[in-house]
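In: Got a predicted model here, sequence first, then my questions.
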2 protein chains.
Amino acid sequence: MQSRTPASRTGRPRSAAADAAILAATREALVELGWSGLTLSDVAIRAGVAKTTLYRRWAGKNELVVDAVAELFDELRVPDRGSLAADIEGVVLQFAAILARPEARSGLMAVVAEATRDEALRERIRASIVDRQKHLVLAGRARAQARGELPAETDAGRTARAADLIFDMVAGAVVHRTLVSAEPADEEWVHGFTRVLLSGLAAAGSA
Amino acid sequence: MQSRTPASRTGRPRSAAADAAILAATREALVELGWSGLTLSDVAIRAGVAKTTLYRRWAGKNELVVDAVAELFDELRVPDRGSLAADIEGVVLQFAAILARPEARSGLMAVVAEATRDEALRERIRASIVDRQKHLVLAGRARAQARGELPAETDAGRTARAADLIFDMVAGAVVHRTLVSAEPADEEWVHGFTRVLLSGLAAAGSA
DNA sequence: GTGCTTTCGCTACGATTCGTAGCGTAACGC
DNA sequence: GCGTTACGCTACGAATCGTAGCGAAAGCAC
């Protein structure tokens, strides 16, 4: 989670409970105060830890919020509903449900904004959030190919570009619907979106 | 631009030059410092005005940045390239070009994040940025109908929902591609995206 | 030209937050 | 136990915030 993967082996270990408490407190503070109102001092008080403990583990607000928000995406799964369309609808609905939560709304866009000027932060977001989502696209595609709904891949580069496009279209549309248009990505909307997306992929792919 | 539309008629008028200088300075500061590093004191110095002048016109950082970023979208136009596909590609490319600018990247997502907890700010964004974009979708659609590329509208509600969906798909995909995936929305990508979108709309619309 | 009104630039201020340093204590591996 | 590291706590200088008060400037009405 933090940057300290090859941790030391001696001395007092870091409290895993403190980690969980801090991340939970961060999400709670995001809901109540929003991004700009969130302070590390406040998070420390909520989590019941010292402010210095926070600074020992995270470099700053950006990194902390990325990790706190990333945990929300742990619950993403590829449902097996029997068809590509149903699977995609399921994933999109899960994604929409996460974005409907205020701690995700306030935090996600803010760290993305900060990441435009911070390469390390962008990489952290990619590793802990984006790649996890993109994996769902690939898994759904593989399952559809096993069912015969999609042709097997021929050109690897073309396939990768297509996956990237699908990912940007799915995540982008849901994010924009939820955060910018401020309308719920409910079942009706998701159904319409999925139909357009799949029809377009089928038609454009065969062309 | 500011909230003071029904301005008073007597006394010294506000300097329009100061407005322009402040908004330009805000964009400049966004490029150099990013959202979190931007301070109103710094903007005031860059613009050559007093800090108090800033606070007299804008309530805070959020409102100022919204106005500064909104000006970037003034240049959006609906091109007349002769076909719906070409028109859409043109709009998407313009949108991508704006998002490629660092002052837009840093500022836009940040204010969207803040707007998740601020209804007034959300309305300000809608009025000065989103509606302007959505108008392009409607204009392009009308032109395509005049050409006979799209059938005339029958159900008003259905039409409005379709326009909203198109808007979320276009803006969302470009934003996600540019800011999250951090890849350029170049001509090749836009072409592929437009093909999928139009194919999907044609297929789903006729179903 | 003379007032009236509003904006402007400037300075100063208390309040708040930041991120760090220092220190003694607590918890683990050997 | 011993060494090592994490923890809680306190305190600190630095920076930013948003506001108040003042005199001067720039328009409009007459």
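Out: Now that the structure is in, tell me what you want to look at.
In: Tell me which helix or strand residue A:105 sits in.
Out: Following DSSP states H and E, one finds residue A:105 within helix A:102-115.
In: What parts of chain A come near DNA strand C?
Out: With the criterion set to Cβ under 7 Å from any atom of the strand, chain A comes near DNA strand C through A:9-13, A:39-42, A:51-52, A:55, A:60-61. Quick note: C-beta positions are derived from backbone N, CA and C, even for glycine.
In: can you do 6 Å?
Out: For chain A, the contact set with DNA strand C under Cβ under 6 Å from any atom of the strand comprises A:9-13, A:39-41, A:51-52, A:55, A:60.
In: Just the buried subset of those, please.
Out: Buried members of these, counted by 16 or more other Cβ atoms under 10 Å in any protein chain shown: residue A:40.
In: want to try TSV for the residues of chain A next to DNA strand C, with secondary structure and pLDDT as columns?
Out: Listed next are the residues of chain A next to DNA strand C as TSV, based on DSSP: H, G, I helix; E, B strand; the rest coil; pLDDT from 0 to 100:
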residue	secondary structure	pLDDT
A:9	coil	72
A:10	coil	85
A:11	coil	85
A:12	coil	91
A:13	coil	92
A:39	coil	95
A:40	helix	96
A:41	helix	95
A:51	helix	96
A:52	helix	96
A:55	helix	96
A:60	coil	93
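In: ok, of the residues of chain A next to DNA strand C, which one's closest to residue B:85?
Out: Within the residues of chain A next to DNA strand C, distances to residue B:85 taken as Cβ to Cβ reach their minimum at residue A:60, with 45.3 Å.
In: before we move on, the earlier item: among the residues of chain A next to DNA strand C, which one lies nearest to chain B?
Out: For these, the residue nearest chain B by Cβ to the nearest Cβ is residue A:60; the value is 9.3 Å.
In: and that closest one, what is it in contact with?
Out: Shown here is residue A:60, whose contacts under the criterion Cβ atoms under 8 Å, 6 or more residues apart in numbering or on different chains are residue A:40.
In: And it, how far from DNA strand D?
Out: 14 Å (Cβ to the nearest atom of the strand, to the nearest Å).
In: Number of residues surrounding residue A:118?
Out: Other residues within reach of residue A:118, judged by other Cβ atoms under 10 Å in any protein chain shown, total 17.
In: Torsion angles phi and psi at the residue nearest to the spatial centre of chain A?
Out: For chain A, the residue nearest the mean C-alpha position is residue A:129 (3.9 Å; Cα atoms, centre = their mean). Phi and psi for residue A:129, reported as degrees, to the nearest 10, are phi -130, psi -60.
In: I'd say it and residue A:65 touch.
Out: No: with contact defined as Cβ atoms under 8 Å, residue A:129 and residue A:65 do not form a contacting pair (11.2 Å).
In: And the helices in chain A, which stretches?
Out: A:16-37, A:40-47, A:51-57, A:61-70, A:84-100, A:102-115, A:119-125, A:131-147, A:156-175, A:187-206 (DSSP state H).
In: where's residue A:165 relative to residue A:143, distance?
Out: In this view, residue A:165 and residue A:143 are 19 Å apart by Cβ to Cβ, to the nearest Å.
In: Actually, residue A:102.
Out: Separation of residue A:102 from residue A:143 (Cβ to Cβ): 32 Å.
In: Tabulate the CA atom coordinates of the helix or strand of chain A with the lowest mean pLDDT in PDB.
Out: Within chain A, confidence by mean pLDDT, DSSP states H and E is lowest for helix A:131-147 among all helices and strands, at a mean of 88. This file holds the C-alpha atoms of helix A:131-147, laid out as PDB (Å, rounded to 0.1, in the frame of the first residue of the first chain):
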ATOM      1  CA  ASP A 131      -5.200  -1.200 -13.600                       C
ATOM      2  CA  ARG A 132      -7.600  -2.900 -11.400                       C
ATOM      3  CA  GLN A 133     -10.500  -1.600 -13.500                       C
ATOM      4  CA  LYS A 134      -8.800  -2.300 -16.800                       C
ATOM      5  CA  HIS A 135      -8.300  -5.900 -15.700                       C
ATOM      6  CA  LEU A 136     -12.100  -6.300 -15.600                       C
ATOM      7  CA  VAL A 137     -12.300  -5.200 -19.200                       C
ATOM      8  CA  LEU A 138      -9.800  -7.900 -20.200                       C
ATOM      9  CA  ALA A 139     -11.400 -10.500 -18.100                       C
ATOM     10  CA  GLY A 140     -14.900  -9.800 -19.600                       C
ATOM     11  CA  ARG A 141     -13.400  -9.900 -23.000                       C
ATOM     12  CA  ALA A 142     -11.800 -13.200 -22.500                       C
ATOM     13  CA  ARG A 143     -15.000 -14.700 -21.100                       C
ATOM     14  CA  ALA A 144     -16.900 -13.500 -24.100                       C
ATOM     15  CA  GLN A 145     -14.300 -15.000 -26.400                       C
ATOM     16  CA  ALA A 146     -14.700 -18.300 -24.600                       C
ATOM     17  CA  ARG A 147     -18.400 -18.100 -25.100                       C
END
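In: Specify the angle between it and helix A:156-175 in degrees.
Out: Interaxial angle of helix A:131-147 relative to helix A:156-175 (axes from the mean of the first three to the mean of the last three Cα atoms, to 10 degrees): 120 degrees.
In: that older thread, neighbour count: residue A:165 and residue A:143, which is higher?
Out: Of the pair residue A:165 and residue A:143, residue A:165 is the one with more neighbours under other Cβ under 10 Å, namely 20 against 17.
In: show me what contacts residue A:34?
Out: A:106, B:114, B:116-118.
In: Which residue ranges make up the domains of chain A?
Out: When chain A is parsed with automatic domain parsing, its domains come out as A:16-57, A:69-206.
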